[in-house]
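> Turn this into a model:
(one chain, ligands or ions: 1)
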Amino acid sequence: MTTTTSMTALTLRPAAAAEFWAVARLFAALHHFNAGFDPRFRLAEGWEALLREHFVRTHRAPSALWLLAWRGDPSSGSGQAEPVGLLLMEAHTDSPLFAERRWAELVALYVAPAERGGDLGRRLVEASKHWAAAHGFDRLQLYVTASNERARRFYARCGLAPVQEIWRVELMPATGAIPPPDPSCVANGHASHQIELGHHHLAMELSDCPDEECDDA
Ligand SMILES: CC(C)(COP(=O)(O)OP(=O)(O)OC[C@H]1O[C@@H](n2cnc3c(N)ncnc32)[C@H](O)[C@@H]1OP(=O)(O)O)[C@@H](O)C(=O)NCCC(=O)NCCS
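Numbers count the residues shown, from 1 in each chain. Modelled structure (predicted):
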């Protein structure tokens, strides 16, 4: 997927194993941007190693799409190509309590500031829809911060619509109290990362997950 502009070509292609550095750079920029809306969105210490592990395990899996956009052609070997866009899609499975539990989730989307206002964002979302439909999904969804008005307008232009809201109130926790683990994350009395609800499953450990969920990872 290469288009030519008046400057250099824009290349969209799935991230290769050796291109994790570009994924990590754009992922960091996205989460730095998101932390501007809410400091709780900042990445944890050690995030890059976790993301790398997840990338290594899933970047060629049919259940995920790690798409990079480059200004220039990274395969030319010139070293001139610059990563300017990132799209991460994943198959998502909700709790088995629900009859309809599968959807395609747009986990991350980022366009570098210098590339905004062009066609790249729309092309990445088109690629996400194409990937989802080609993999048998009839629904694509994502989470966006309510105050990220630019992204909200952008997604609306791409044909998406808000269907649920997250409501929140800040609390004063009891002194010394440590929040217990999510009961869905406790297996055999021990905390694990097997969860079936919510979002941000990215880089969760899957060691305890049913085989069915691990097949293509
Ligand atoms: C969301 C995003 C992918 C959209 O891509 P985009 O290229 O900016 O999309 P658009 O070209 O449709 O532009 C979006 C808006 O920014 C405006 N804009 C475009 N280029 C701009 C620039 N250089 N400076 C200021 N505004 C600009 C557009 O006019 C448009 O405004 P409007 O909504 O009032 O019409 C991109 O802005 C981005 O990566 N943002 C940071 C990360 C983010 O929010 N990701 C989504 C989190 S869920």
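> Point out the residues in the protein that sit beside the ligand.
Within reach of the ligand by C-beta under 6 Å from any ligand atom, the chain has these residues: 30, 33, 109-111, 116-118, 120-121, 142, 144, 148, 150-151, 153-154, 157. Placement of C-beta: from N, CA and C, glycine included.
> Show me which of these are buried.
For these, a burial check counting by 16 or more other C-beta atoms under 10 Å picks out 30, 109-111, 120-121, 142, 144, 151, 154.
> now, which of those sits nearest Trp70?
The nearest member of these to Trp70, counting by C-beta to C-beta, is Leu120 at 10.6 Å.
> Does that closest one touch Pro83 like I think?
No - assessed by C-beta atoms under 8 Å, Leu120 is found out of contact with Pro83, at 11.7 Å.
> Which neighbours do the two have in common?
Listed contacts common to Leu120 and Pro83 are Ala69; contacts here mean C-beta atoms under 8 Å, 6 or more residues apart in numbering.
> what packs against the top strand by length along the chain?
For the chain, the strand with the greatest residue count under DSSP state E is strand 82-93. Applying 3 or more C-beta pairs under 8 Å, 6 or more residues apart in numbering; DSSP states H and E, one finds that strand 82-93 contacts helix 20-35, strand 64-71, strand 102-111, helix 120-134.
> possible to save these as CSV with mean pLDDT?
Below are those laid out as CSV (pLDDT from 0 to 100):
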stretch, mean pLDDT
helix 20-35, 98
strand 64-71, 98
strand 102-111, 97
helix 120-134, 98
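> winner for burial among the ones you listed?
Between the helices and strands packed on strand 82-93, strand 64-71 has the highest mean count of neighbours, a mean of 23, where neighbours are mean count of other C-beta atoms under 10 Å.
> number of nearby residues for Lys47?
Let me fix one detail, which is that residue 47 is Trp and not Lys. 15 (other C-beta atoms under 10 Å).
> Look up the pLDDT of it for me, please.
If you check Trp47, the pLDDT there is 97.
> what's the spacing between it and Phe55?
Trp47 is 12 Å from Phe55, where distance means C-beta to C-beta, to the nearest Å.
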